[in-house]
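Trainee: build me a model from this:
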Amino acid sequence: MRTRLRRLRVDGREFTWKADIRHVPGSGDCHRGIRVRAWGAGKNGRALEADLLSASWPAPWGACATDGVYPTPADVRRIILYALEHGWDPDLRGGTFHLTEAEHAAAFRLPAFLITDRLRDPDAPDPTRRVVEVWSRSL
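Mentor: A predicted model of the protein is given here:
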């Protein structure tokens with residue numbers, strides 16, 4: 001299946017983005033993860049990458065099997081704006097600017113997602129614990 005690239009205008013500038021569905025293993029379940037990548041200066045510009053963790057809980061047959069959450073263009077706009085405010089320069093050539101859990105999770109959250117490092121680092125904090133904490137606070 002071919003990846004779909006989407007376009008989004010933010011503050012008069014056009015960005016290209018994509019979101020790939022992944023699975024994030026946790027101690028209590030498998031969770032839906034989404035890797036969002038965005039570019040603001042073509043394929044040679046510095047990419048933005050944010051690994052998102054679905055905040056949906058509980059799932060009757062496992063979150064990996066039944067969770068259908070996917071980032072909206074409004075979510076991606078918020079990611080881009082946050083990254084621009086926190087040091088992402090899409091005009092730089094090459095490389096990737098990562099929104100990491102360790103650096104950004106306390107300050108940035110989307111309604112349906114948390115930032116996770118678990119997609120890149122299997123030793124990152126347990127996603128099940130974080131999802132359950134967020135879900136418990138929303139009750």
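Trainee: the lengthiest helix in the chain: what's the following helix or strand?
Mentor: Secondary structure of the chain per DSSP state H: the longest helix is helix 73-85. As assigned by DSSP states H and E, the chain's next helix or strand after helix 73-85 is strand 96-99.
Trainee: now the nearest residue to Ala112 once chain neighbours are set aside: which helix or strand?
Mentor: The shortest distance from Ala112 to any non-neighbouring residue, by C-beta to C-beta, 6 or more residues apart in numbering, is to Val69 (5.0 Å). (C-beta placed from N, C-alpha, C; glycine too.) For Val69, there is no enclosing helix or strand under DSSP H and E.
Trainee: what residues are up against Val69?
Mentor: Applying C-beta atoms under 8 Å, 6 or more residues apart in numbering to Val69 gives the contacts 32, 34, 54, 56, 112-113.
Trainee: try 7 Å this time
Mentor: 32, 54, 56, 112 (C-beta atoms under 7 Å, 6 or more residues apart in numbering).
Trainee: out of the residues you listed, name the two that are farthest from one another.
Mentor: Greatest spacing in those, by C-beta to C-beta: Arg32 and Ala112 (9.9 Å).
Trainee: and the pLDDT at Pro111?
Mentor: Per-residue pLDDT puts Pro111 at 86.
Trainee: with the one 4 residues further on instead?
Mentor: Ile115 is assigned a pLDDT of 93 by the prediction.
Trainee: follow-up on the earlier one: shared neighbours, Arg32 and Ala112?
Mentor: With C-beta under 7 Å, 6+ apart, Arg32 and Ala112 have common neighbours 54, 69.
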